[in-house]
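Visitor: okay, predicted coordinates and the sequence, questions at the end:
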Amino acid sequence: MWITALLNVAKLIDREVDDLKLALSTRKMKVGNDIIVQKLALAHAINTRDALAKSVYSCLFDWLVEQINKSLAVGKRRTGRSISIFDMYGFESFDVNSFEQFCINYANERLQQHFNRHLFKLEQEEYIQDGIDWAKVEFEDNQDCLNLFEKKPLGILTLLDE
């Protein structure tokens, strides 16, 4: 099974299978004028594989943002259209968001949605069922935004995986 994965990755990143296998399983060091190739321990090879996956996802995310920005013509003419995820906990505002920052913001949004569901949605539904007199609490529901990222089969995360 790992051979199939290796073949697929090599094809997708346009590299020779043997070169990719060597890059993921060895480390080159220059000692004086000599180059020493050392086999990686399994844990280090796994870290190398994971770093490659993170880099691929990051590049894919940057490409996706670039395509979205082109389609919205951001910076050329103000269309009033945008796609964003609000980082409820960190209040960060970056000129350029990385894939890693996107994942952090997405996780925070997911946590906020869980919090909203249990504190507001479910409680208010229970109040209605029990006939309790209460003042409805208005809150921002970002489920549509989350669906954009996680809905199958056409959510952004699913499409990135494809």
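Guide: On my side now, so go ahead.
Visitor: okay, CA-based contacts and neighbour counts for the rest of this
Guide: OK.
Visitor: stretch 58-75: how far from the chain's middle?
Guide: Here the centre of stretch 58-75 is set off from its chain's centre by 14 Å, with Cα atoms, centre = their mean, to the nearest Å.
Visitor: now do the buried residues in it.
Guide: Within stretch 58-75, the residues that count as buried by 16 or more other Cα atoms under 10 Å are 58, 61-62, 65, 72.
Visitor: and which of these is nearest Thr48?
Guide: Nearest to Thr48 among those: Ser58, at 15.2 Å, using Cα to Cα.
Visitor: just checking, that closest one touches Asn97?
Guide: No - with contact defined as Cα atoms under 8 Å, Ser58 does not count as touching Asn97 (10.1 Å).
Visitor: so which strand or helix has the residue nearest the centre of the chain?
Guide: Centroid-nearest residue in the chain, with Cα atoms, centre = their mean: Cys103, separated by 4.3 Å. According to DSSP states H and E, Cys103 maps onto helix 99-116.
Visitor: any idea which helix or strand comes after that helix?
Guide: helix 122-130.
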